[in-house]
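Here is a sequence with its predicted model. Questions after.
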Amino acid sequence: MEEKIKARVMDSKKIKRAFQRITTEIVERNRDLNELVIVGIRTRGVFIAKRIQQLIKTMEEASVPLGILDITLYRDDFSELEPQHIIKKTEIPFDIAGKDVVLVDDVIFTGRTTRAAMDSLFDLGRPRSIQLLVFIDRGHRELPIQPDYIGKFLPTSRREKVKVRLKEIDKIDEVLITEPVKI
Amino acid sequence: MAFQHTHLLGIEDLTREDILTVLETADSFLEVSSREVKKVPVLRGKTIVNLFMEPSTRTRSSFELASKRLSADIINFSKQTSAVVKGESLRDTIENLESMQTDAIIIRHEASGSPHYIASFCRSHVINAGDGTHEHPTQALLDAFTIRQKKKRLEGLKVVIVGDCVNSRVAKSNILCLTRLGARVTLAGPPAFVPEQLKSLGADIEYNLDKALESADVVMMLRIQMERMQKNCFPSLREYAQLFSLTPQRMNRAKKRAILMHPGPINKGIELTSEMASSDRSVILKQVENGVAVRMAILYLLLGGKEREITA
Amino acid sequence: MRLLLKNGRVIDPVSGRDETLDLLIEKGKIVECKPQIKTTDARVMDVSRKVVLPGLIDMHVHLREPGQEYKETIQSGGTAAARGGFTAVACMPNTKPVNDRRDVTEFIRTEARRHSPVHVFPIAAITLNLEGENLTDMAELKKAGAVAFSDDGHSVVDSQVMRRAMEYARMNDLLLIDHCEDPNLTASGVMHEGAVSYAIGLRGIPSAGEEVIVARDITLAGHFNARLHIAHLSTAGSADMVRAAKKQGIAITAEVTPHHVLLSDNHLRGYDTNYKMSPPLRGESDIKALIKAVQDGTIDVFVTDHAPHSPDDKEMEFDYAPFGIIGLESAVPLLLDRFVHSGLISLQRFAEMLSSNPARILGLEGKGRIEPGADADLTVLNLSKKHTIDVSAFASKGRNCPFNGWTVLGQPEITIVGGRVVYEAV
């Protein structure tokens, strides 16, 4: 489906500032960084998580472990996916039991991805707490889930889409609102 | 990467890309099997039937575990526990099972082509768990997976399959699967087991085992299938073992890091010595372990995702 | 009442006649055969632009009666024959009970007279219960109406039994028909042995399984001077041996089915049981050799080997399904389309292989030719009518036909048996 860009809501400067603010919030809230782990949800959540991990290191000289979560197998909206949806590995090379987990995703919308991610985490161990970090909260929740850290709150219509583009895979840092072209 | 199949009837129907998709997906499921909680909810609510008209421990329990680890419900039928012993036809058996809203039927049958036959009329996904002397696609996929795991690649490898190739569905599926992935397959055994026409499947033939083993990367020994064999395929087990049993001396003709495979169950002392089966060359138990991940991948690729449009 | 066929293209394979003529039929015989017959009290059928052949004879069918009437009866099989353009069939003895004694032969003839629109000639067994051990009372069976002897479905495996059968057949001037198959070589096979059987995992029936018996039978026939007819010949090697035997002057004839010259073992890849028959569909090179043998006269007859099964019998795993397919209602259109229209054989040769040759081989007096005094068994063909083979419209009880859905040019239009119109296409 063809899409047109409606607005460019964040550029690299604004994104950088948001990252710094979020990192500060995480560090302030979690005094014991030794118990903290970060888990990014594939695909873009992983890159956001990596940046946070790097920023914590720079700010606090602490290295926080990073895991990667593929939630395909836990989704409840399977019938909307293509049949050949390829699953990728979950790579969490540490025990999450007893840890404070910061779960990272790029955009929160209905909340179903987060629900799936939490189910998946519980199958891997019992964390002390799970905190949710999303870069964009675009509203329209269908489940009682609220993020703990938000890069930007961005009210949208259901028709619209939010695209978080990151240098690591998109060659540019920016946040766009797009809309399908009417035919 | 797309896997656009409704059924898994044989390697014959799969492209190289399809096979690679299965192997990639299986790689992810291997991780699930290594977890404390070895279960994901992806096939929750799906009903799978394990219909085994021939005896099997490995394949049947492997499919059962795979289904359970994907949270599907699975029921097991064997020939003895079904109405087949009362003379019910296969079609009636399948139609009765399907009326209980099954999503997939995993079938093992002594008659070649039976999975194709039931796929021609049933609504469920059909998975071939071994049909007669035709194909055993999931075994070939797990073998390819194991070779790739150990050798990091399949292109250019020399794989030697030894034994009753003509009656072996494992051999047939492996020839198709491995050659599609770029390996070279050589078959060895007496002519009744390795007729010339098998070349048309894309394999080389060598009647001298020592020659066949030269510079092999993978040696796959097949079970002598007493239950399928006709008389005089070879004079005696004693002479067969002399010519075609894999001994440590013979294995030395293969490459130094060559691996040894066997689809099981093993007739120790006939196709393999016991010391070979438990040697560090042997990946036989790895094959079994990987089998669950590969079968999870197949179930996921066929049953996960979009609902199949029912046309029948 | 007399019947006048007007303006048909009349082909007589015995005299080689091929001209537009009228035929006058009276009391079951052809009485006149010339252009522009003038007569008053006769039913006139205009057959201009149609071909009139001596009635076609299928010398190899299975009618299943007595014993397996759910598969076919003499009535349903006879009706299928009439619709397929045949005026006579010879039926194989593997009924239940086997046609190995006089009362079974007589039963078949009586049932046929009562219920079949076409002539039915029984073929009796060579050995009791087709077991290959004791010869049947052949002289008595011949007297009761058996036109030939065969253990069809099996060979007479024991060479000594076959030798004795040949000697006895010679004394009584009987025809032996052998289904050539060495059971040790073909045991549990379900399709032709070759690359395809190995690929799809079905147990093979090697060509050698047929050829060793063809070779043996030719040898025995040469030594013991019997009249021998090879049933449904299927391999290139068999064709070569029959050709060589004929050159040597051995009294041997042979038949082939449409399916063996039209379909190869490649069709088995889908495990469709409608391609399962004995002998099996062979390789492409066999098909080429069989076509050549049809053209050069090595093979004398086309037969259907019509073998009806109920749909339930065929609806199962390939290994367990019975052998055999039906052919009475598809053979003539298929052969017209693929052999005559395609130029492989002439209409004369077609008529020879489906009428005069089987009549001669079976010794059927008055059949297989068109001339005054001959039996009024006639088949009228429309060569330009295109149609699609549809098993659901068949008169046979069998539906096991791999040609369902084929579109073919040419079909039988009128079938006349003993001067009576038994089938007329609408």
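The structure has been received and is ready for your questions.

can you tell me how far C:F86 sits from chain B?
Distance, C:F86 to chain B, using CB to the nearest CB, to the nearest Å: 33 Å. All C-beta spots, glycine's among them, are computed from the backbone N, C-alpha and C.

before we move on, which element is the residue nearest in space to the middle of chain A in?
In chain A, the centroid-proximal residue (CA atoms, centre = their mean) is A:D105; its distance is 0.9 Å. Per DSSP states H and E, A:D105 falls inside strand A:100-108.

Show me what counts as buried in that strand.
With burial defined by 16 or more other CB atoms under 10 Å in any protein chain shown, the residues of strand A:100-108 counted as buried are A:D100, A:V101, A:V102, A:L103, A:V104, A:D105, A:D106, A:V107, A:I108.

what's near enough to touch the third one?
In other words, A:V102. Listed by CB atoms under 8 Å, 6 or more residues apart in numbering or on different chains, the contact partners of A:V102 are A:I26, A:L36, A:V37, A:I38, A:V39, A:A49, A:I52, A:Q131, A:L132, A:L133, A:Y149.

re earlier: and the two most separated of the buried residues of strand A:100-108?
Using CB to CB, the buried residues of strand A:100-108 reach their maximum pairwise distance at A:D100 and A:V107, which is 23.0 Å.

quick one on the thing from earlier: quick one: which of the buried residues of strand A:100-108 is nearest B:M276?
Checking those against B:M276 by CB to CB gives A:V101 as the nearest, at 47.6 Å.

Quick check, the closest one in contact with A:I130.
Yes - using CB atoms under 8 Å, A:V101 makes contact with A:I130 at a distance of 4.8 Å.

okay, and the common contacts of the two?
Applying CB under 8 Å, 6+ apart, one finds that A:V101 and A:I130 are jointly contacted by A:L121.

The closest residue to B:H134 other than its chain neighbours: how many residues sit nearby?
Residue nearest to B:H134 in three dimensions, not counting chain neighbours: C:G201, with 2.8 Å by CB to CB, 6 or more residues apart in numbering or on different chains. If you count neighbours by other CB atoms under 10 Å in any protein chain shown, C:G201 ends up with 23.

Low-confidence ranges, chain C, go.
Low-confidence segments of chain C (pLDDT under 70): none present.

Pick out the most distant pair among the contacts of A:V102.
A:V37 and A:Y149, at 15.0 Å, using CB to CB across those.

doesn't B:I11 make contact with B:C177?
Yes - in this structure, B:C177 is within contact of B:I11 by CB under 8 Å, at 4.6 Å.

which residues are common contacts for those two?
With CB under 8 Å, 6+ apart as the test, B:C177 and B:I11 both reach B:I19, B:P137, B:A140, B:L141.

Kindly provide the distance from the last one to chain C.
When you say that, I think you mean B:L141. Using CB to the nearest CB, B:L141 is found at 18 Å from chain C.

Now the nearest residue to that residue once chain neighbours are set aside: phi and psi?
Spatial nearest neighbour of B:L141, excluding adjacent residues (CB to CB, 6+ apart): B:V294 at 4.9 Å. Torsion angles at B:V294 (phi, psi; degrees, to the nearest 10) stand at phi -70, psi -40.

contacting residues around B:V294?
Counting by CB under 8 Å, 6+ apart, B:V294 touches B:V22, B:L23, B:A26, B:F29, B:T138, B:L141, B:L142, B:F145.

now do A:T24
A:M59.

can you confirm it is in a helix?
Yes - the assignment for A:T24 is a helix, going by DSSP: H, G, I helix; E, B strand; the rest coil.

where does it land on pLDDT?
Per-residue pLDDT puts A:T24 at 96.

Please report how far it lies from C:R49.
99 Å (CB to CB, to the nearest Å).

Could you do A:M59 as well?
A:M59 is 100 Å from C:R49, by CB to CB.

still on that earlier bit, direction included, what does the strand holding A:D105 pair up with?
The strands that strand A:100-108 pairs with in its sheet are strand A:36-41 (parallel), strand A:129-137 (parallel) (by DSSP bridges).

Need these in a markdown table (columns: mean neighbour count and mean pLDDT).
Below are the strands paired with strand A:100-108 laid out as a markdown table (neighbours: other CB atoms under 10 Å in any protein chain shown; pLDDT from 0 to 100):
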| stretch | mean neighbour count | mean pLDDT |
| --- | --- | --- |
| strand A:36-41 | 24 | 96 |
| strand A:129-137 | 22 | 96 |
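
dump the residue contacts of the closest residue to C:W406 other than its chain neighbours.
Of all residues not flanking C:W406 in the chain, C:I389 sits nearest, at 4.9 Å (CB to CB, 6+ apart). Listed by CB under 8 Å, 6+ apart, the contact partners of C:I389 are C:E329, C:S330, C:P333, C:L334, C:C401, C:F403, C:N404, C:G405, C:W406, C:T407, C:V408.
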